[in-house]
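Visitor: Just need the structure, nothing else, for what follows:
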Amino acid sequence: MYVTDHRKGTVSVKASLGWTGIWISIALLFGASLFFFFPQNPDTAGNTAHTMGIKFLAGYLTEYSLSVDNLFVFIMIFSLMGVSQKNQPRLLHLGILLSIVLRILFILLGMGLVQRFHWIIYIFGVILLWTAYKMAFAGEDDQVDPKSNFLYKAASKIFPVDPDTEASHFFARINGKLHITMVFLVFLVIGSTDVLFAVDSIPAIIGVIKEGGSGILSASEENFLAVTSNVFAVMGLISLFFALKGIMGMFRFLKHGVSFILFFIGVKMLLCAFSPIEEFFASHSWISLAVIIGTLTLSVLMSIIIADTHKIKKLKKEIKEIKEAKDTSAT
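Guide: Numbering: from 1, shown residues only. Purely as a prediction, here's the structure:
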């Protein structure tokens, strides 16, 4: 992440997209190396390398799309809390590092539970369906309210708050009294948001990695895929953040695409309780990858092609008001 450290200032959308492309290319090369060169597991009949490569790419794309949604929330928090441009990169680094740690811990815990108690996978399937429903029907006005965050309220009650949004340290001493800064409060809000997104990552990545039931890959291979797909998905988020701020319109339908992906994975996890369906997905793991790629591609294309009718109506209304004002002044 420090290769793309932008603490000196906000970079252009073009440069951000360039670095984002580099990180995605590195992840794809890693997936290709798994597909062609991963050693065969002697305890399984299928092609281990091909399975590892396909599942890595499916897991990476799923987690990357969830991570993009995470960034949208970061952008919203920074905007609502008035975070200065100079403090945003530092908070991004801290938030993303925390996200990596939390995701690894939570996912390994979830993978361990499923490997020990297979029936838990059906609970995760139900959780995914609920998450997909909430994401699909969330209104445009459903915004994060940082000041309603539990950690925000608790910290601001315990300590006096320095209202200076330009302060870059977590703590400040004013008139001999210790104050917490807005940067510290933003970090608390981002940290709690990271926890929520890490929890969402558990059923999503397990649904991809455990596709087809147990016995396809060893426990260590499954854990390896879960961790690496998440780490690669999160690594390029800093550069992507600056790009998203400039091209958010291209991702207007992304949350609907991610919602469908989570719905698909959740349904698949529940249907795999039936042996014929479980065996089908075990021998056709490319289907999930195709659904994920197709859905993400379609959501971006729809965002580009379909006009934002709400913004068009608002623009027409403003133009009409300007014309009426001119006509009134002319008379």
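
Visitor: where exactly do the helices run in the protein?
Guide: Here the chain has its helices, by DSSP state H, at 13-37, 48-80, 88-116, 120-136, 150-158, 182-209, 219-235, 237-247, 254-271, 275-283, 286-305, 309-330.

Visitor: Look up phi and psi at residue 176.
Guide: Dihedral pair for residue 176: phi 80, psi 0, per degrees, to the nearest 10.

Visitor: Give me the distance between the residue nearest the centre of the chain and residue 126.
Guide: Residue closest to the average C-alpha location in the chain (CA atoms, centre = their mean): residue 67, at 1.5 Å. Separation of residue 67 from residue 126 (CB to CB, to the nearest Å): 23 Å. (Glycine included, C-beta is placed from N, CA and C.)

Visitor: where in the stretch 101-250 of the chain is pLDDT low?
Guide: 138-151, 163-167, 200, 211-215, 244-250 (pLDDT under 70).

Visitor: if we can go back for a sec, who's in contact with the closest residue to the residue nearest to the centre of the chain other than its chain neighbours?
Guide: Among residues not flanking residue 67 along the chain, residue 233 sits closest, at 5.1 Å (CB to CB, 6 or more residues apart in numbering). Residue 233 is in contact with 27, 60, 63, 64, 66, 67, counting by CB atoms under 8 Å, 6 or more residues apart in numbering.

Visitor: Residue 179: which of the residues you listed is nearest?
Guide: The closest of these to residue 179 turns out to be residue 67 (CB to CB; 33.0 Å).

Visitor: and the gap between that closest one and residue 124?
Guide: From residue 67 to residue 124 the distance is 19 Å (CB to CB).

Visitor: do the same with residue 30
Guide: Taken as CB to CB, the span from residue 30 to residue 124 is 26 Å.

Visitor: what do you get for residue 112?
Guide: 13 Å.

Visitor: Between those two, which is the more surrounded one?
Guide: residue 124 (23 against 12; other CB atoms under 10 Å).

Visitor: do you know how far the nearest residue to the more buried one once chain neighbours are set aside is from residue 113?
Guide: Once flanking residues are discounted, residue 124 sits nearest to residue 203: 3.6 Å by CB to CB, 6+ apart. Note on residue 203: its distance to residue 113, by CB to CB, is 11 Å.

Visitor: Please say which of those two ends up with more neighbours.
Guide: Higher neighbour count among residue 203 and residue 113: residue 203, with 27 against 16, using other CB under 10 Å.

Visitor: wait, doesn't the more buried one sit right on residue 130?
Guide: No. In this structure, residue 203 is not within contact of residue 130 by CB atoms under 8 Å, at 9.8 Å.

Visitor: thinking residue 169 is in contact with residue 183, fair?
Guide: Yes. Shown here, residue 169 and residue 183 form a contact pair, counting by CB under 8 Å, at 7.0 Å.

Visitor: neighbour-wise, which of the two wins?
Guide: Under the neighbour definition other CB under 10 Å, residue 169 and residue 183 were set side by side, and residue 183 has more, 24 against 11.

Visitor: Pull the contacting residues for that one.
Guide: 83, 87, 91, 167, 168, 169, 170.

Visitor: got CSV for those residues, with distance to residue 194 too?
Guide: Shown next, in CSV, are the contacts of residue 183 (distance: CB to CB, whole Å):
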residue, distance to residue 194
83, 16
87, 17
91, 12
167, 22
168, 21
169, 21
170, 17
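
Visitor: Just give me the closest of those to residue 187.
Guide: Closest to residue 187, out of all of those and judged by CB to CB, is residue 91, at 6.2 Å.

Visitor: Assess the claim that the closest one and residue 83 are in contact.
Guide: Yes. In this structure, residue 91 is within contact of residue 83 by CB under 8 Å, at 6.7 Å.

Visitor: Which residues are in contact with each of these two?
Guide: 183, 186.

Visitor: before we move on, back to that, now the residue nearest to residue 67: how far from residue 99?
Guide: From residue 233 to residue 99 the distance is 10 Å (CB to CB).
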